[in-house]
Every structure is written in structure tokens, then in C-alpha cells.
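Trainee: task: produce atomic coordinates for the following.
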Amino acid sequence: MRSIVVLHHFLCLLLLLSHLNSVSSWKKEEFRNCDQTPFCKRARSRKPQHCKLIATDVAIQNGDLTARLITPKNFEQNPDEDSSEIASKPLILSLSVYHNGILRLKIDEDPSQNPPKKRFEVPDVILPEFESKKLWLQRHTKEVINGDSADSFVVYLFDGYEAVLRSDPLEVFVREQTSGNRVLSFNSHGLFDFEQLRVKKEGDDWEERFRSHTDSRPYGPQSISFDVSFHGADFVYGIPEHATTLSLKPTNGPGIEHSEPYRLFNLDVFEYIPESPFGLYGSIPFMLSHGKSHGTSGFFWLNAAEMQIDVLAPGWDSESSISLPSDQKRIDTLWMSEAGIIDSFFFIGPKPKDVVKQYTTVTGTSAMPQLFATGYHQCRWNYRDEEDVKNVDSKFDEHDIPYDVLWLDIEHTDGKRYFTWDRVLFPNPEEMQKDLASRGRKMVTIVDPHIKRDEGYHIHKEASKNGYYVKDSSGKDYDGWCWPGSSSYIDMVNPEIRSWWADKFAYTEYIGSTPSLYIWNDMNEPSVFNGPEVSMPRDALHYGNVEHRELHNAYGYYFHMATSDGLLKREKGQDRPFVLSRAFFPGTQRYGTVWTGDNTAEWEQLRVSVPMILTLGITGITFSGADVGGFFGNPDTELLVRWYQVAAYLPFFRGHAHHDTKRREPWLFGERNTELMREAIRVRYTLLPYFYTLFREANVSGVPVARPLWMEFPEDESTFNNDEAFMVGNGLLVQGVYTQNAKDATVYLPGDETWYDLRTGTAYKGGKSQKVDASGAIPVFQRSGTIIPRKDRFRRSTVQMENDPYTLVIALDSSGKAEGELYIDDGKSYEFKNGAYIHRKFVFSNGKLTSVNLAMSTSAGPKFLSDCTIERIILLGHLTKSKSARVEPTNHVTEVELGPLQIRTGVRPSVLTIRKPNVKVSDDWSIQLL
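Mentor: The predicted model follows:
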């Protein structure tokens with residue numbers, strides 16, 4: 001027996017070593033494709049009109065439109081080739097209507113039919129307050145559609161829209177009341193299928209095998225599939241995470257061979273390849289459509305099981321006899337999931353920001369980050385020891401490069417035991433953190449979900465004793481292999497266990513931690529080196545007898561949630577947590593930040609990082625980024641510089657690298673390249689007032705910081721498929737450079753307005769492409785009609801910028817007008833929720849700049865005060881040669897002169913500047929040009 005145990009550990013050690021050394025290429029054979037995934041293969045094989053279900057007993061109950069879905073007797077008596085997959089027992093359907101144009105469709109097994117167990121419904125994702133926004137239906141109307149033999153049932157949805165339940169054939173759709181044009185529809189092609197849970201009988205063989213792994217599937221096949229159509233759509237977007245273009249390309253239909261669906265299954269995929277529908281670290285089953293005729297709409301399926309989604313090419317249904325309106329463009333999609341229920345949401349838009357707001361009404365907006373988190377982060381696997389940390393920190397100061405956070409990867413721990421320190425390499429962790437904090441800087445350490453199975457390790461002892469681990473199919477603690485070797489995994493689905501985990505971040509538990517230490521959750525898909533597809537077996541068991549297959553995509557979400565709650569507990573609710581997670585799910589935005597995982601040092605990876613981050617933004621997760629320079633491999637110097645230049649404008653800004661790569665801190669590539677990287681990082685810090693204001697907008701409305709061009713220009717068809725450029729807020733357009741030796745770049749500037757080069761102030765006309773210089777920096781433009789706040793003094797970190805004065809850059813439109821906003825709070829606490837913040841709106845019109853208060857007036861509660869002033873006001877596009885300006889209410893005159901657009905060495909004065917008006921950012925005031 002002892003020899004078997006030794007052999008087992010030896011084999012697992014070989015596996016760990018192979019994982020450490022397997023960074024040369026993506027091992028495609030380790031992961032299943034659709035043909036190797038039975039539920040996907042079955043769903044893809046079905047033809048239109050497969051679904052024979054009809055809706056009966058339609059009624060209004062508890063404010064919902066409800067129905068029973070049954071198979072008519074004639075189909076039961078005359079089964080077709082798919083009869084085994086047609087629901088044999090009734091299903092229960094409900095339609096609910098919510099404020100602001102949200103329709104919810106739920107379909108589940110009928111509990112009165114005594115299914116073997118309750119199907120899993122994903123908890124703790126939908127906001128508790130969302131249910132209060134339900135509109136209780138009182139009535140419905142009936143009508144006959146297309147000569148149907150049965151009635152359809154119509155309910156009012158929202159201003160000019162209504163929802164329709166068609167009973168035979170079964171269909172649910174949203175349409176415009178006046179035109180009758182459809183917006184979104186479910187089961188229009190009859191591809192709906194719902195495999196019901198069964199009790200295993202003698203002779204049933206439900207096992208699935210992949211490579212050396214066997215899935216017992218104790219309740220048999222339980223998949224769900226259906227078609228969703230987006231009417232009036234030119235493109236569809238969303239459903240991250242994939243390394244693909246922003247607009248989703250067709251995956252099945254005429255002219256498409258051997259293509260895979262877009263997979264949503266959280267996996268540890270190292271060195272992933274671009275332009276692949278293969279699923280990566282996170283899953284958000286939310287798709288948006290956009291088109292010239294309707295605008296924007298969205299569909300969200302709350303389901304945590306593996307999902308596969310086909311975007312169907314035009315003509316895929318050419319042999320179907322189904323008749324749909326032909327005067328509208330339409331994109332059809334096929335949604336397939338291994339388990340769960342249908343709990344889906346239709347968002348009618350019709351504008352891009354409307355759909356994002358509707359989605360975040362359900363799942364929540366992004367948490368307001370601390371100010372330091374919006375700065376630059378420096379990371380590596382691994383900074384070796386305290387001396388290495390001190391050296392890297394001092395080099396940033398020596399080279400005048402600002403940064404805010406230094407990160408430590410797994411090697412800082414005692415033998416991969418999380419919440420510990422290697423006391424040889426890091427003997428004084430508290431002093432190390434305090435030293436960084438003395439210069440306004442923070443530290444982040446890594447805490448992963450795999451717990452080393454070591455009886456001397458207190459976390460393992462407690463988890464094992466209390467039954468806090470995920471179980472295998474036999475009910476024993478699941479034992480998998482990860483960085484520490486033999487490991488078990490905390491069952492984060494259980495709220496009690498999440499609370500226990502959160503307590504581990506207390507200073508008395510996490511010895512050596514300080515208030516300036518924050519957390520990084522990696523490997524939380526979860527990653528299991530010796531598991532099927534490098535993850536946990538699907539028949540592993542969680543709290544409530546829930547199989548892992550049912551909640552796989554949400555596992556990392558619950559881990560992220562518990563960690564964030566831990567930091568919140570640690571500071572008694574006073575400090576905003578910062579937790580970075582690799583895995584994600586709808587709702588992740590409420591708990592922290594994500595990044596795009598283990599990318600590589602290649603130009604194409606830089607390019608694909610932009611649509612990946614934009615996709616995360618439009619599906620709710622605005623605070624995201626990609627490892628600057630690529631995690632794997634050694635970037636050439638030009639690629640590294642360009643990566644810094646692009647990443648400086650993306651929400652989460654972190655440099656990170658694998659331990660086998662060469663060191664790549666910004667000062668290691670020669671003076672000129674250091675200068676370029678320094679400039680990119682400094683630009684980020686200069687624009688932090690603008691970024692922080694945008695993070696507040698995302699926190700309030702859900703609208704992302706980094707946006708696709710079509711979100712700001714929904715009528716401009718040239719923007720619909722453009723993912724090489726992006727907007728930061730509504731004011732800045734950023735065009736990346738993604739090729740070697742580029743001296744210039746072609747930029748499409750949308751709309752009919754003027755755009756101003758952010759470096760030179762040169763004006764360009766919109767509505768066409770412009771060829772511009774890109775030799776020293778990537779092209780960035782400010783949109784006319786906007787006002788951008790900046791802080792121009794160079795500091796070491798965000799803390800040291802706190803009392804610095806502001807610069808306002810005003811880009812006037814053709815009528816001489818512009819407006820913008822500035823949001824300020826203490827940058828760390830939750831006092832802003834009680835009204836302790838400054839929110840100003842700046843309006844320029846008729847030669848006059850006015851500051852207006854947008855903050856809610858509260859007589860009680862804390863106040864946020866600031867003595868910061870406006871130091872400079874830059875005017876772009878102002879044609880009148882003013883020499884002075886009058887400031888009210890102080891009634892003093894200040895100078896207007898030519899000054900530099902950017903505070904940089906060698907830049908000549910070139911733009912009209914109001915110097916030192918000395919008005920406070922917190923006050924009401926006006927400045928009139930004379």
C-alpha cells in the first residue's frame with residue numbers, strides 16, 4: 001500500500017513538473033471540442049422545428065404570465081427521431097416584467113412531478129433590490145399570429161414595447177407596439193430542448209469519458225438548448241471570455257467548416273491563441289446586438305454550467321419551412337448548456353448604454369475602486385526577496401517613474417501555503433509593507449483556492465475538520481494536484497464557509513499583513529493539474545448536493561466574493577477592498593478587478609487584448625486589463641513600449657511576467673525606451689482625475705470606462721466592427737499601434753465633429769480616416785465638445801498627488817461649446833455613499849466657463865472638503881484672441897496667454913491658456929473671456 005502511495009505522489013510530481021515546463025504551446029488535446037461534448041453535439045445536430053412543446057394553462061399568477069409546456073399527444077404517439085430528448089413531463093414557464101424594459105423568462109421542471117432533485121439556480125448574482133423593480137402584471141391580451149391554431153398572449157413591457165408568448169408553436173418575443181417589428185425572440189426556429197433529470201435504472205449507461213477521466217452523470221443527460229434571434233442587428237458582441245474580435249463571427253452555417261461554438265467554461269489555459277472561440281478563464285453569458293435599424297438589444301442567461309454558443313451564418317435555416325419577417329436584418333444564435341434551468345433576461349435598449357444599464361440593474365454595477373488601484377501596478381512571478389522588492393521600488397524613484405502597487409506571486413509563501421510567508425526570503429513582511437506605504441504605495445499578495453494537504457498547515461486542518469472542502473463523487477474530500485502538490489478546494493458555494501474564509505484575512509489570522517496589503521486570486525476556475533481539462537471533475541459535490549457541473553463557471557466568483565468580503569471585514573467596512581481575480585462570472589464587477597490571464601509576448605496578443613477588455617466592459621466588468629508585455633515570453637523592446645502606450649489608457653494597468661522570462665522593468669531597455677515607457681505611465685497619472693470620474697460613472701450607471709466606438713457613435717456604421725481603436729469615456733479616442741516599425745497610423749475619427757490630437761492640439765475633421773504620426777507615441781484624440789480634467793505635476797504615486805492642482809482641457813465644438821465632469825472623494829473609504837464627495841460639471845458656452853455642483857445636497861452626514869484649485873485652463877479650438885479673463889464671484893482678472901498643451905521638456909507654447917485662475921474645484925464659479 002505504501003508503495004502505491006509513493007508511486008501516486010511520484011506521478012503527480014511529474015505532472016506538476018510538466019505543467020511548469022509546458023509553456024511552449026497551447027495543448028489543444030487537453031480540452032474537449034464540441035464533437036467530444038455530447039450535449040453540444042446533440043444540440044448542434046437538431047434541425048429547425050425540433051421543439052414540439054406547446055404552452056397551455058396560460059394565466060397571470062403572482063404578477064407573472066405563467067404556462068405549462070407540454071408535448072401534444074399526437075407527437076407522443078408518433079415520436080420522431082429525437083423523441084427521447086423531448087420533454088416527457090410538463091415544464092413550467094413564467095414571464096416577468098421589470099422597470100426600464102427588462103423581460104425575464106424562466107423555464108424549469110415542474111416540482112409537482114417529483115424530479116429526482118431540484119435543478120440548480122445560481123444564487124447571489126442577481127441584486128436583492130432587483131426584485132423590487134418587478135412590475136406586477138394585471139392582465140394580458142390575446143391575438144392570433146400567422147393563422148396559428150392557438151392564441152398568443154401579449155403583455156405590456158415598456159414604453160412602446162410589448163412581450164408575446166406564442167403558445168403553438170412555442171415562441172417568446174419582444175416587439176415594437178406600433179410597427180410590430182421584433183427586437184428579440186426565443187425559440188423562433190424551434191430548437192428548444194430540455195433534457196429532464198432521471199432516476200438511473202438497470203442497464204442505463206450515462207457515463208461520459210474524456211481521456212483518462214470518467215464522469216458518472218448520476219442523473220443522466222440534463223442539457224438545455226434553444227435559439228435566440230436578434231432582429232435589426234448588424235453585429236453581435238459579448239459572451240466573454242474569448243481571444244477574438246469584438247464583433248462575434250459566425251461559427252456555424254453555410255461557408256463555415258470545422259468551426260467550434262463560442263465556449264463558456266472557465267479553464268486554466270496558458271498561452272492561449274488569438275482568434276479562437278475556445279473558452280478561457282471566465283464566463284459571462286450575456287450577448288448584445290447592434291444595428292442601424294433597431295439600435296442595441298441584449299440577452300442574458302443566468303446559468304453557471306458549461307455553455308456553448310453558436311452564431312449562425314445567414315442561410316443556415318434555408319431548408320426550414322419557418323417563416324419569419326424578412327424585412328429586418330436578423331442574427332440567429334444557438335445557446336447550449338450542460339445543466340441548470342432557463343433563467344434569462346431580454347434587454348430592449350434601444351441605445352448601447354441603455355442595454356448596459358439594464359444588464360447592471362440585474363447583476364450590479366462595478367465597485368468604486370480605491371484611487372491607488374487606478375494607477376500603475378508592477379508584478380512578476382516572482383520578486384525574489386525583500387531586497388529585490390526594495391531595489392525595484394527604489395529604481396522607480398531613481399528613474400522618475402510613478403507607480404502605486406508592487407505584487408508578490410506564489411513564491412513569497414512558505415511552501416505554497418497561503419496566508420504565510422517564506423521567512424528566509426521575507427523575514428520582515430510588515431516592515432517591508434510599511435516601507436512601501438511611507439511613499440504612498442501598496443503591496444498585493446496572491447491567495448489561491450487550492451489548499452495544501454498538510455496536517456501541519458492550520459488552514460487545511462480547520463477546513464478538513466469542519467467539512468469545508470468540495471467532495472468527490474463518493475463523498476470524500478476531493479484531492480487534486482496544483483502548485484502545492486496534493487490539494488483540496490474550499491467549497492465557496494456555502495455562505496457559512498465563505499464567512500469562515502473571509503475571517504482568515506484578519507491581522508490576527510494573516511500574520512504579517514498590514515492595512516496596505518491587498519489580494520490577488522489566481523487559479524480559481526478552479527485549476528486542477530490532474531483533473532479533466534485541467535479542472536475539477538463535473539461529478540464532484542458541493543454544498544446542497546450540487547454537482548460541480550451545475551456551478552463550475554461560478555466557483556471563482558464565489559471565491560472572489562469571499563476574499564473581497566475578507567478585506568471588508570478586516571477594515572470593519574471602512575476600506576474599499578482591492579482583489580484581482582482571474583476567473584469571473586456575472587456579478588464579479590461588484591467585488592473587484594479581473595485580467596485577461598496568461599497571454600504571450602506577441603504583437604497579435606497586444607492587438608487582441610483591446611477587444612477582450614472592451615468586451616468585458618460592455619458585459620459589466622469595466623475594471624479589467626491585460627498583462628503589459630505578455631506573461632509568457634520575452635517581448636522585443638518595441639512591442640513592450642507599444643504595450644505600455646496602449647495599456648496606459650485601459651482600466652487596469654499592470655506589468656507582469658513569467659519567472660522564466662528576462663526581467664523587464666521599464667528602466668532595462670536603454671534611455672530612449674525608458675523615456676517612452678515613463679511618458680506612457682506619466683500620461684496615465686496625468687489623466688487619473690478623468691479616469692476616476694469615469695470609474696464613478698461606471699459605479700453609478702454601469703457604463704464602462706473603456707468603450708467601443710459604436711457605444712458613443714451608434715449611428716456611424718464604420719464604428720460597428722472597429723476594435724483597434726476605443727473610447728475612454730466620451731472624450732478620448734485611442735488608436736493602438738499593433739505592428740512593428742510603424743511610423744504612422746491610420747485612424748478613423750467618427751462623427752461629424754472635430755478631433756484634437758492630445759499631444760499637439762492639431763485639429764482633424766471627423767467622419768473619415770486620417771493618417772497621423774505614431775513614431776513616438778500612439779495616436780490619441782480629444783473629442784470636440786468635451787472637457788477633460790488632469791493633474792500635470794509628476795509625483796511618485798497617487799497619494800502624493802492628492803493636493804495637487806488641476807488642469808482643464810476644453811475642446812470646443814463648432815458652436816464654441818463644451819462640457820465635462822470631475823468627481824473627487826477621499827479615494828479609499830465608503831463615505832462617498834453618504835454624500836462625502838465633490839462632483840462638478842463644467843460648461844463652456846459664449847466664451848464663459850461655469851462650474852456647477854452635481855453632488856446631492858445632504859444636510860446630515862460627512863462632507864468631503866478639498867483645497868485643490870484649478871491651475872490652468874487650456875482652450876482648443878477657440879478662435880478669439882483673448883488676453884484676459886474675469887473670474888467670478890471674486891471679480892478678479894487673470895491672464896490668458898499661449899502655453900504648452902503637455903508639460904514636457906522641449907514642448908513649445910502653442911495653445912490658449914488661462915493661467916492661475918485660482919478657483920477651488922469644490923466651489924461654484926465662472927470665468928468669462930474678455
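Trainee: check which element follows the helix or strand bottoming out on mean pLDDT in the chain along the chain.
Mentor: Across the helices and strands of the chain, the lowest-confidence element by mean pLDDT, DSSP states H and E is helix 2-21, at a mean of 46. Scanning forward in sequence from helix 2-21 by DSSP states H and E, the next helix or strand is helix 38-45.
Trainee: buried stuff in that next one?
Mentor: Counting neighbours by 16 or more other CB atoms under 10 Å, one finds that the buried residues in helix 38-45 are 38, 39, 40, 42, 43, 44. In this view, the C-beta of every residue, glycine as well, is placed from N, C-alpha and C.
Trainee: again, but for stretch 877-895
Mentor: Applying a neighbour-count criterion of 16+ other CB under 10 Å, one finds 877, 878, 882, 885, 886, 887, 894 buried in stretch 877-895.
Trainee: where exactly do the strands run in the stretch 101-250 of the chain?
Mentor: Assigned strands in the stretch 101-250 of the chain, in chain order: 102-109, 134-135, 141-143, 152-158, 161-167, 170-176, 182-186, 193-194, 208-210, 213-215, 224-231, 235-238 (criterion: DSSP state E, counting those that start in this stretch).
Trainee: and these as a markdown table, adding distance to residue 801, mean pLDDT and mean neighbour count?
Mentor: Shown next, in a markdown table, are the strands of the stretch 101-250 of the chain (distance: least, CB to CB, whole Å; pLDDT from 0 to 100; neighbours: other CB atoms under 10 Å):
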| stretch | distance to residue 801 | mean pLDDT | mean neighbour count |
| --- | --- | --- | --- |
| strand 102-109 | 40 | 98 | 22 |
| strand 134-135 | 45 | 96 | 16 |
| strand 141-143 | 60 | 96 | 11 |
| strand 152-158 | 44 | 97 | 20 |
| strand 161-167 | 47 | 98 | 22 |
| strand 170-176 | 48 | 98 | 22 |
| strand 182-186 | 46 | 97 | 25 |
| strand 193-194 | 56 | 97 | 22 |
| strand 208-210 | 53 | 92 | 15 |
| strand 213-215 | 53 | 92 | 15 |
| strand 224-231 | 45 | 98 | 26 |
| strand 235-238 | 36 | 98 | 24 |
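Trainee: identify the residues contacting residue 575.
Mentor: By CB atoms under 8 Å, 6 or more residues apart in numbering, the residues touching residue 575 are 370, 515, 567, 568, 828, 829.
Trainee: hey, what's it bridged with?
Mentor: Using DSSP bridges, the bridge partners assigned to residue 575 are residue 829.
Trainee: pretty sure residue 647 contacts residue 641?
Mentor: No: with contacts counted by CB atoms under 8 Å, residue 647 stays clear of residue 641, the gap being 10.9 Å.
Trainee: overlap in contacts of those two?
Mentor: Both residue 647 and residue 641 are contacted by residue 680, under the criterion CB under 8 Å, 6+ apart.
Trainee: can you give me the helices for the stretch 351-500 of the chain?
Mentor: Assigned helices in the stretch 351-500 of the chain, in chain order: 352-363, 386-398, 429-437, 458-466, 495-503 (criterion: DSSP state H, counting those that start in this stretch).
Trainee: now do the stretch 651-800 of the chain
Mentor: 671-686, 688-701, 709-712.
Trainee: any chance of a markdown table for those, columns distance to residue 113 and mean pLDDT?
Mentor: Converted to a markdown table, the helices of the stretch 651-800 of the chain look like this (distance: least, CB to CB, whole Å; pLDDT from 0 to 100):
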| stretch | distance to residue 113 | mean pLDDT |
| --- | --- | --- |
| helix 671-686 | 58 | 98 |
| helix 688-701 | 43 | 98 |
| helix 709-712 | 45 | 98 |
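Trainee: distance to residue 626 and neighbour count for the contacts of residue 575 - can I get that in JSON lines?
Mentor: Output for the contacts of residue 575, formatted as JSON lines (distance: CB to CB, whole Å; neighbours: other CB atoms under 10 Å):
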{"residue": "370", "distance to residue 626": "21", "neighbour count": "21"}
{"residue": "515", "distance to residue 626": "29", "neighbour count": "15"}
{"residue": "567", "distance to residue 626": "24", "neighbour count": "22"}
{"residue": "568", "distance to residue 626": "27", "neighbour count": "19"}
{"residue": "828", "distance to residue 626": "26", "neighbour count": "17"}
{"residue": "829", "distance to residue 626": "30", "neighbour count": "18"}
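Trainee: now do the SS call for residue 256.
Mentor: At residue 256, secondary structure determined by DSSP: H, G, I helix; E, B strand; the rest coil is coil.
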